[in-house]
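S.K.: from the sequence below, what's the structure:
(chains A and B)
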There are 2 protein chains.
Amino acid sequence: MTGRPPNQPFGVKSENLTIVEHRVATSSRAQRNGHAGGVLWFTGLSGAGKSTLAMAVEQHLFGKGYQVYVLDGDNIRSGLNANLGFSPADRAENIRRVGEAAALFANAGILCIAAFISPYRSDRERARQAAGKAFHEIHIDADLAICEQRDPKGLYAKARAGEIEDFTGVSAPYEAPADPELTVDSGDRSIAACVQDIVTYVERAFKLK
Amino acid sequence: MTGRPPNQPFGVKSENLTIVEHRVATSSRAQRNGHAGGVLWFTGLSGAGKSTLAMAVEQHLFGKGYQVYVLDGDNIRSGLNANLGFSPADRAENIRRVGEAAALFANAGILCIAAFISPYRSDRERARQAAGKAFHEIHIDADLAICEQRDPKGLYAKARAGEIEDFTGVSAPYEAPADPELTVDSGDRSIAACVQDIVTYVERAFKLK
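M.R.: You can find the predicted model right below:
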């Protein structure tokens, strides 16, 4: 929290090397919002329910007064990451950018829900480093068999037919989190029950006392 | 605003093709915050005062209750755009990503101040397209002679000495906005006066009546 006093003219030489920092403290943002900013990183197989749960949790937390925003494939792949494909390098860069964008939201005091398969531990670790202590990894955990049975986008069928290469869980690995902040069993429970797990966790971890 | 009801189990087949959309309306976010989200895009020469004004405006608007956040070189070049250099292609990609990130903030209901030289009209137009009507271009306008005299980072001196190539205003063009939403004369006025110009504009353009 430094900076030139607001009534000082621009050209004062002794100030020329001042690094321009944010003049709104992170703690002031939290105070205003009633909760800390942070990243809720939803990782899991295709079909595990990440996007569905992300949107439901966003709605639920918004109703409770939270500043909350979901980043997912839809708003990221068509914008920020529109110039990325599905090569290994592009997939890593996709997750890297999302991690950095989510960290900016956290820094702005927002609870940012990032919902991405993000199958590789190393990529998720990098996202964690971007946001530091504000990063909370949430494993949306359903068995492959259940996800494949759901197959909401018909992608498993295509992957089995060899029409999609390197499909997570079929022809590419999913590296489950070793020590996530929260695991949500989304295999055979209702959406409402899963949402409640996450909201309860958020209230404990982010809400100001 | 569509989506599966929250108490519905995951596997219901008729819902399998539902596109997962945000279930918090943009208008609900605005209502909560008392203002619309948007992008305030500060463009201008190095030394014109973009970062200083961005941080001062952020502080001022936060004090008035706004959800507001600054994106500038410091938090972007060290994170989201850490893998970009200063080649023409990288500079364009730098501004493209910032434009997309700012649009996400606007979509989240935040007033996002993006402070970047962004010397090319085409790059700024692309940023405008990302955020649509929420994009407001603000020209932080000081003469080159004044900026060079201030030279807060010693960059003009280096550029004149040939130590920096393609420096905006010296050895690379600055394409001034043709029709910005606001022009702030930051050449010989106080920071406080410039901040007031911008805050007045914001209150007129973004505050809910």
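S.K.: next, the residue positioned nearest the centre of chain A: secondary structure please.
M.R.: Compute the mean C-alpha point of chain A, and by C-alpha atoms, centre = their mean the closest residue is residue A:114, 2.1 Å away. In three-state terms, and counting by DSSP: H, G, I helix; E, B strand; the rest coil, residue A:114 is strand.
S.K.: please name the bridge partners of it.
M.R.: Beta-bridge partners recorded for residue A:114 (DSSP bridges): residue A:41, residue A:71.
S.K.: and it, what does it touch?
M.R.: A:39, A:40, A:41, A:42, A:70, A:71, A:72, A:98, A:99, A:102, A:127 (C-beta atoms under 8 Å, 6 or more residues apart in numbering or on different chains). For glycine as for every other residue, the C-beta is placed from the backbone atoms N, C-alpha and C.
S.K.: just give me the neighbour total for the fourth one.
M.R.: Meaning residue A:42. Look at residue A:42: counted by other C-beta atoms under 10 Å in any protein chain shown, it has 28 neighbours.
S.K.: the lowest-mean-pLDDT helix or strand in chain A near chain B at all?
M.R.: Here the helix or strand of chain A ranked lowest by mean pLDDT, DSSP states H and E is helix A:73-75, holding a mean of 80. Yes: Helix A:73-75 comes into contact with chain B (C-beta under 8 Å from any C-beta of the partner chain), by way of A:74, A:75.
S.K.: any idea how far that helix is from the chain center?
M.R.: Relative to the centre of its chain, helix A:73-75 is centred 12 Å away, using C-alpha atoms, centre = their mean, to the nearest Å.
S.K.: from the contacts of residue A:114, which has minimum pLDDT?
M.R.: Among the contacts of residue A:114, residue A:72 carries the lowest pLDDT, at 91.
S.K.: that one: how many residues sit nearby?
M.R.: When neighbours are counted by other C-beta under 10 Å, residue A:72 registers 19.
S.K.: can you check residue A:28 too?
M.R.: By other C-beta under 10 Å, the residues close to residue A:28 number 15.
S.K.: and the one 4 residues further on, by the same measure?
M.R.: When neighbours are counted by other C-beta under 10 Å, residue A:32 registers 15.
S.K.: rewinding a little: can you check the pLDDT for the residue nearest to the centre of chain A?
M.R.: Residue A:114 is given a pLDDT of 98.
S.K.: can you give me the strands in chain A?
M.R.: Remark: strands assigned in chain A by DSSP state E are A:38-43, A:68-72, A:111-115, A:135-141, A:182-185.
S.K.: let me have those in a markdown table, extended by distance to residue B:64.
M.R.: Putting those into a markdown table (distance: least, C-beta to C-beta, whole Å) gives the following:
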| stretch | distance to residue B:64 |
| --- | --- |
| strand A:38-43 | 25 |
| strand A:68-72 | 22 |
| strand A:111-115 | 23 |
| strand A:135-141 | 31 |
| strand A:182-185 | 36 |
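S.K.: who wins for proximity to residue B:168 among those?
M.R.: strand A:68-72 (31.8 Å; C-beta to C-beta).
S.K.: where does chain A dip in pLDDT?
M.R.: Across chain A, the ranges flagged by pLDDT under 70 are A:1-20.
S.K.: let's go with 50 and repeat that
M.R.: For chain A, applying pLDDT under 50 flags the ranges A:1-9, A:11-18.
S.K.: and the helices in it?
M.R.: A:26-33, A:50-63, A:73-75, A:88-107, A:121-131, A:144-150, A:155-160, A:191-206 (DSSP state H).
S.K.: what's the most buried one of the ones you listed?
M.R.: Neighbour counts (mean count of other C-beta atoms under 10 Å in any protein chain shown) averaged over each of the helices of chain A peak at helix A:50-63, with a mean of 23.
S.K.: which other helices and strands does that one contact?
M.R.: strand A:38-43, strand A:68-72, strand A:111-115, helix A:191-206, helix B:26-33 (3 or more C-beta pairs under 8 Å, 6 or more residues apart in numbering or on different chains; DSSP states H and E).
S.K.: dump those into CSV; add distance to residue A:80 as well.
M.R.: Written out in CSV, the entries for the helices and strands packed on helix A:50-63 read as follows (distance: least, C-beta to C-beta, whole Å):
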stretch, distance to residue A:80
strand A:38-43, 16
strand A:68-72, 9
strand A:111-115, 12
helix A:191-206, 24
helix B:26-33, 18
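S.K.: closest to residue A:150 out of those?
M.R.: Nearest of the helices and strands packed on helix A:50-63 (C-beta to C-beta): helix A:191-206, 12.5 Å.
S.K.: so who does residue A:205 touch?
M.R.: By C-beta under 8 Å, 6+ apart, the contact set of residue A:205 is A:38, A:136, A:181.
S.K.: nearest to chain B, of those?
M.R.: Of all the contacts of residue A:205, residue A:38 has the smallest distance to chain B: 14.2 Å, by C-beta to the nearest C-beta.
S.K.: need the contact list for that closest one.
M.R.: So residue A:38 contacts A:106, A:111, A:112, A:131, A:134, A:135, A:136, A:205, A:206 (C-beta under 8 Å, 6+ apart).
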